[in-house]
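> Let's see this in three dimensions:
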Amino acid sequence: MNSEVVCRPILVGQTLKLRHSVLWPDKPISHVSLPEDDHGLHIGAFLPDFDEPVAVISFFVEPLPLNIATRDPDSQHQVRFRKFACDPSLQGRGIGTTLLQFSFERVQSQLDATVVWCDARTSTADWYTKRGMTSLGETFFKGPVEYVRMYIDLTLCAGDHAGTDM
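I've put the predicted structure just below:
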């Protein structure tokens, strides 16, 4: 983990600016606001001289739409993350990796998650794979952007990344 990064829960309002500027800058900011945001767990990564988060991610208890073989098939233990964004000028410094690892540990302890999943842009799928996630199913489009569903079974990887920079 990147030792200069501090990760902590944040309010949904603290996610919107970064979500917008990184993920959908050509759309109105309302495009990155989700109906379920009020029920989510939002986590931000902070650097020492920054008042605002430099990376954000949001989690929601939501069953994985495809049936997969996991140690715990109970859909109440499946958590989806959405709107994961890191300031482009700070990418490649381990901030996103640190935030993702911290978040997986947090949702496992706070939400009792055993499976975490997302719809990843295909342009980022290799990044997620290097951090232990597996692609699932065919690619699909949301507007002009191609995605693939990815997941990680946290019961199989507990401690796998401890002390490493995934």
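> Strands of this protein, residue ranges please.
6-10, 41-46, 55-61, 78-86, 115-121, 134-142, 145-153 (DSSP state E).
> what about the first one, distance to the chain center?
Think strand 6-10. The chain centre lies 13 Å from the centre of strand 6-10; the measure is Cα atoms, centre = their mean, to the nearest Å.
> hmm, who's touching it?
With contact meaning Cβ atoms under 8 Å, 6 or more residues apart in numbering, strand 6-10 is reached by 41-47, 53, 56, 98-99, 102-103, 106. C-beta here means a position set from N, CA and C on the backbone, and glycine is covered the same way.
> Return that strand as CSV; C-alpha atoms alone will do.
Coordinates of each C-alpha in strand 6-10 appear next as CSV, following Å, rounded to 0.1, in the frame of the first residue of the first chain:
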residue,chain,number,x,y,z
VAL,A,6,-5.1,8.0,3.7
CYS,A,7,-8.4,6.3,2.9
ARG,A,8,-11.6,7.0,4.7
PRO,A,9,-15.4,7.1,4.3
ILE,A,10,-16.7,10.3,2.7
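> in that strand, what counts as buried?
7, 10 (16 or more other Cβ atoms under 10 Å).
> ditto for the last one
Of the residues in strand 145-153, those scored as buried under the neighbour-count criterion (16+ other Cβ under 10 Å) are 147, 148, 149, 150, 151, 152, 153.
> Dump those to a markdown table, plus distance to residue 9.
Formatted as a markdown table, the buried residues of strand 145-153 follow (distance: Cβ to Cβ, whole Å):
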| residue | distance to residue 9 |
| --- | --- |
| 147 | 26 |
| 148 | 28 |
| 149 | 26 |
| 150 | 23 |
| 151 | 23 |
| 152 | 20 |
| 153 | 24 |
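> quick one: terminal-to-terminal distance for stretch 126-134?
One end of stretch 126-134 sits 10 Å from the other (Cα to Cα, to the nearest Å).
> Tell me how far that stretch lies from the chain's centre.
Worked out by Cα atoms, centre = their mean, stretch 126-134 lies 12 Å from the chain centre.
> quick one: buried residues of it?
For stretch 126-134, by 16+ other Cβ under 10 Å, it's 128, 131, 132, 133.
> From residue 141, how far out is the second one?
Distance check for residue 131 against residue 141: by Cβ to Cβ, to the nearest Å, it reads 24 Å.
> what's the pLDDT at residue 157?
Residue 157 carries a pLDDT value of 69.
> ok, now residue 161?
Checking the pLDDT column for residue 161, the value is 43.
> Please renumber the chain so that the first residue is 57 from this point on.
Got it, first residue is 57 now, which makes that one residue 217.
> What is the longest helix seen in the chain packed up against?
Across the chain, the helix with the greatest residue count (assigned by DSSP state H) is helix 151-166. If you count contacts as 3 or more Cβ pairs under 8 Å, 6 or more residues apart in numbering; DSSP states H and E, helix 151-166 packs onto strand 62-66, strand 97-102, strand 111-117, strand 134-142.
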